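J.: next come a sequence and a model predicted from it.
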Amino acid sequence: MYTSEGTGIRRAPSALLEWCRANGVECLAVQPPGRLLRGREPPFTRCCDIAEALLPVVASKLIDTPYVVIAHSVGTWVAYELLRLAAAQRLPMPRQAFLSAMASPDIPHVARPWRQQRGLGEEEFKDECRSWDVNEIVFSAALWGTYHDLMRADFTLFDEFEHTHGGAPPFAFPVTAFYGNRDRRIKRSMVEGWQRFTTGSFQLLEVDGHHLWPLDKDSLLGELQRERQQQQQQQGGVPDLSATRRTYHFIDSRWPGLEQVHAEPPVYIAHDFLSADDCAALRRAAEAGQLPYLAYDNAVLVDTHRLLLLLPVVAAGAGFDAWQALLAHSGAGGGGDAAVTAAALAAAAGPALLHWSAGVGLLVAAALGGMRAFVGGRVFTGTKWTAAQLDPSHPAAPAFARFLSRTSVLLGAPADRLEPPTVTRYRRGEYQRKHFDARPDGDPAGLKQFLEAGGQRLVQVVVYLNEVEGGGGTRFHHPLFRGLTIEPRQGDALLFFPAYADGRFDVRMAHSGQPVEAGQKFILNTWCCQRAVPSAASHLLDQQGGDASGRTLGVGAPR
């Protein structure tokens, strides 16, 4: 544990950091207020405040790459609050959570197995700290003056925590929970309560150690080594969470004018997908106010400049510096303006490049990489109209029908699997920020809505309805794309895959509509989903001489 707030007394070698270094993971701790270089700042006393300060720092890092959450002691409650906030903003959820040495957050106050620090005198408070296996050196005359206020604040995190998410659905990701068999405060039955908070798999593991078992070199490294050996036995080598079978929804490679502009992830352009007349008809209908206006949800803004392998770690516990919020990633990148204030949780941290290593299934400390904050602002600044429930006699109905028909045939999918087409206009200076169009795996509420409305979005189809005088390109932000930007060309259709064919979210498909620099930009957009979409506009095909498959309205060059 840290033995000084920046006075030159150095920390003893950490078993956790030793393991990380030995396995190729570089580490950079993030100091919350009240610690080390931030020792003059008041420490947090509520878990929800920590989570609210932490989310803007890590939000943009949660998107590009699968990650796991690892938390210890009261850090598990911080992690829980953080994930609830992330879910509310529809950020991707972790592949798995590893939670150690803390009761589930719904434990009532009367069942909490500790004495509230507020009513304890000095010696009573020291005794309570000892019952959590805090190192005796903390109570020495040389150090207690430094640690007293910090320890009181840490125990207030325990005492004042209120579970306010009783109506929220369980998470969908797997949870592995740990308890120490010599922990004098947190018992097996309390940790077992985490099972109620996930619909995914749940595993409860016993560790030979006390409450602060991650600081015990033998306990921690023994568990890490056993985890690594088990993974190698089961998988025949080092696990790789990023290895996926990449199969995508069907697209007819024989389509006239189809060009593949990027191989992996695949991106296509179907040249001259719509005629100039159809493009003009759709623009006129939108500008004349003849189409229903579509409100757009600007609640979520994501920043995905980096390819990350992410392990946000919230490790907490009385006596080992209260907690650390840590992050690991691989790859490089940058971009975006830092928006971290002095009150931001990780203001003292710097960038770090880290690499995935086998055996991270336990408390692996890694660094918060980069101080790129969650950039505020609107996601979308254009105007949208929808063809949902459009009357077949509408002047623009034939153009919509031909778009649906061609898309249906190109993708080999019935038209009722296509979401209602939308027309979007961007004027000068308007844009759509980096975002995803598929639903992340771990968002149970959003995923449920998607499943009820046709399932995951598998293919996105965007037709450019006019030539743009300047700007307005569609940019893909993952490093694999190397800055690929598709410039608008009237009638061309851009096709890409927000999710794999089996519905798994593709973390590489962050994209944006770049600001229009001159003139206006119009696009027509739809998504092909896993199943029939209840609000699909396939009725337009029926009135235009087609059917739900779109077969009878023609394939090939536009008419």
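T.: Alright, I've got the coordinates. Nothing here was measured: the structure is a model prediction, and the numbers come from that model. Numbering: from 1, shown residues only.
J.: pull out the buried residues from stretch 168-183.
T.: Neighbour counts over stretch 168-183 (16 or more other Cβ atoms under 10 Å) mark 171-180, 183 as buried. C-beta here means a position set from N, CA and C on the backbone, and glycine is covered the same way.
J.: my read: Y179 touches I186, true?
T.: Yes: between Y179 and I186 there is a contact under Cβ atoms under 8 Å: 6.2 Å.
J.: mutual contacts of the two, please.
T.: Counting by Cβ atoms under 8 Å, 6 or more residues apart in numbering, the common neighbours of Y179 and I186 are A101.
J.: ok so, going back, any chance of the buried residues of stretch 168-183 in TSV, plus pLDDT and secondary structure?
T.: What follows is these, written out as TSV (pLDDT from 0 to 100; DSSP: H, G, I helix; E, B strand; the rest coil):
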residue	pLDDT	secondary structure
F171	93	strand
A172	92	coil
F173	91	coil
P174	91	coil
V175	91	strand
T176	88	strand
A177	90	strand
F178	88	strand
Y179	88	strand
G180	86	strand
D183	88	coil
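J.: same list (those residues) but as a markdown table, adding distance to C528.
T.: Output for the buried residues of stretch 168-183, formatted as a markdown table (distance: Cβ to Cβ, whole Å):
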| residue | distance to C528 |
| --- | --- |
| F171 | 28 |
| A172 | 24 |
| F173 | 27 |
| P174 | 29 |
| V175 | 33 |
| T176 | 36 |
| A177 | 39 |
| F178 | 43 |
| Y179 | 46 |
| G180 | 50 |
| D183 | 51 |
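J.: quick one: which of those is nearest Q116?
T.: D183 (19.1 Å; Cβ to Cβ).
J.: list the contacts for H165?
T.: 84, 105.
J.: and I523, by the same measure?
T.: 423-424, 462-465, 488, 513.
J.: secondary structure class of it, three-state.
T.: Classification of I523 using DSSP: H, G, I helix; E, B strand; the rest coil returns strand.
J.: just to revisit the earlier point, list just the nearest of the buried residues of stretch 168-183 to H109.
T.: D183 (19.8 Å).
J.: could you give the number of residues near the closest residue to the closest one other than its chain neighbours?
T.: Distances taken as Cβ to Cβ, 6 or more residues apart in numbering place H211 nearest to D183, at 4.4 Å, with adjacent residues excluded. Using other Cβ atoms under 10 Å, the number of residues around H211 comes to 26.
J.: does H211 touch W132 like I think?
T.: Yes: when contacts are counted by Cβ under 8 Å, H211 is listed as touching W132 (5.2 Å).
J.: ends of stretch 83-100, how far apart?
T.: 16 Å (Cα to Cα, to the nearest Å).
J.: and for E136, the neighbour number?
T.: E136 has 11 nearby residues by other Cβ under 10 Å.
J.: kindly apply the preceding question to R130 instead.
T.: 16.
J.: look up phi and psi at it.
T.: Torsion angles at R130 (phi, psi; degrees, to the nearest 10) stand at phi -60, psi -30.
J.: not counting its neighbours along the chain, what's nearest it?
T.: Per Cβ to Cβ, 6+ apart, closest to R130 is E136, 7.5 Å.
J.: double-check that V507 belongs to a helix.
T.: No: judged by three-state DSSP, V507 forms no part of a helix; its state is coil.
J.: now do it against A537, distance only.
T.: Distance, V507 to A537, by Cβ to Cβ, to the nearest Å: 30 Å.
J.: try F273
T.: 17 Å.
J.: related to what we said a few turns ago, let me know the pLDDT of the residue nearest to D183.
T.: Looking at H211, its pLDDT is 83.
J.: least trustworthy helix or strand in this protein by mean pLDDT?
T.: Least confident helix or strand of the chain, by mean pLDDT, DSSP states H and E, is strand 322-326 with a mean of 29.
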